[in-house]
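# Quick one, fold the following:
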Amino acid sequence: MIGRIAIGALLVIAASTGVGRAADPRYPNWPCAQAKVPEISLAAVWAGPPLDDVQNKWKEDPKISALVEKLAARRTPLEDAQKAITDFLTASAADKTTAGKLLFAGLFDSLNAQRSSVMSGIERVTRKQREAAEKVRADTLALQALQNASSPDQAKVDELSNTLLWETRIFEDRQRVVRFVCEVPTTIDQRLFALGRTIQQEME
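Sure, this is the predicted structure:
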């Protein structure tokens, strides 16, 4: 059961959730300390030859498509991904430049899409957290009113106390997940930059 002191703590949680006012008003549902950059800039991760002539063509090559899928997966260690690039481009000596451009075009498209999906998920959870914070606040005030009644209904007090404990636990668990997931877009940026650099080195 939640006591009167704990009620004050719950009201603090509901008021200071980290999902209230966004740092950037353009993105009201973005909770991360890292600034939201909707898309990776090609110029920020690629200093190789222009990709205009290979855009979307990487999907037409089964070998490139399969390799892009493997390299883009975060479960593939970066070192393994870099070795796979080196092996593939070494075997493509006859047309290494085109193969490298196709490979990076595929990585750029795939990792940008992956990144956008992660950011959309973060914002979706933020909206749910805002609703959850309001529910915690409303239920906390309702519990406070029940406890302050001249003849408290103990059954209702106990029921609402248990509900609040559960709601608060779910809310705090989600907050921990969001803090972790906020790092993922930056990790994707770094992966794309590192793989792009490997491709450029092999092309040279």
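# so what secondary structure elements neighbour the lengthiest helix in the chain?
Longest helix of the chain, by residue count under DSSP state H: helix 96-148. Secondary-structure packing of helix 96-148 (3 or more CB pairs under 8 Å, 6 or more residues apart in numbering; DSSP states H and E): helix 4-15, helix 62-72, helix 78-91, helix 154-181, helix 184-203. Yep, even glycine has a C-beta here, placed from its N, CA and C like the rest.
# can you put the ones you listed in a markdown table and add mean pLDDT?
What follows is the helices and strands packed on helix 96-148, written out as a markdown table (pLDDT from 0 to 100):
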| stretch | mean pLDDT |
| --- | --- |
| helix 4-15 | 53 |
| helix 62-72 | 96 |
| helix 78-91 | 94 |
| helix 154-181 | 90 |
| helix 184-203 | 95 |
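# what's the closest of these to Pro49?
Nearest to Pro49, of all these, is helix 184-203, at 7.9 Å by CB to CB.
# What sits closest to the residue nearest the centre of the chain if chain neighbours are left out?
For the chain, the residue nearest the mean C-alpha position is Val118 (3.7 Å; CA atoms, centre = their mean). Among residues not flanking Val118 along the chain, Val184 sits closest, at 4.9 Å (CB to CB, 6 or more residues apart in numbering).
# how close does that neighbour sit to Leu111?
With distances taken as CB to CB, to the nearest Å, Val184 is found 11 Å from Leu111.
# the more surrounded of those two?
Using other CB atoms under 10 Å as the criterion, Val184 and Leu111 rank with Leu111 on top: 22 against 17.
# pretty sure that one is touching Leu192, no?
Yes. Shown here, Leu111 and Leu192 form a contact pair, counting by CB atoms under 8 Å, at 4.7 Å.
# Now do the shared contacts for these two.
Common contact partners of Leu111 and Leu192 (CB atoms under 8 Å, 6 or more residues apart in numbering): Ile40.
# residues contacting Ser110?
By CB under 8 Å, 6+ apart, Ser110 lies in contact with Val68, Glu69, Ala72.
# what number of residues lie near Gln201?
For Gln201, the neighbour count with other CB under 10 Å is 14.
# sorry, back to before: which of the contacts of Ser110 are buried?
Val68, Ala72 (16 or more other CB atoms under 10 Å).
# Which of the helices and strands packed on helix 96-148 sits closest to Ala35?
In terms of CB to CB, the element of the helices and strands packed on helix 96-148 nearest to Ala35 is helix 184-203, at 10.1 Å.
# List of residues touching that closest one?
Residues contacting helix 184-203 (CB under 8 Å, 6+ apart): 34, 37, 40, 44-49, 71, 74, 78, 81-82, 85-86, 89-90, 96-97, 100, 103-104, 107-108, 111, 114-115, 118-119.
# And stretch 79-92, by the same measure?
By CB under 8 Å, 6+ apart, the list of residues contacting stretch 79-92 from outside reads 63, 67, 70-71, 76, 96, 99-100, 103, 191, 194-195, 198-199, 202-203.
# Provide a list of residues in contact with the residue nearest to the centre of the chain.
Contact analysis of Val118 by CB under 8 Å, 6+ apart lists Val181, Val184, Pro185, Ile188.
# Please tell me how far it sits from Ser161.
Between Val118 and Ser161 the distance is 36 Å, computed by CB to CB.
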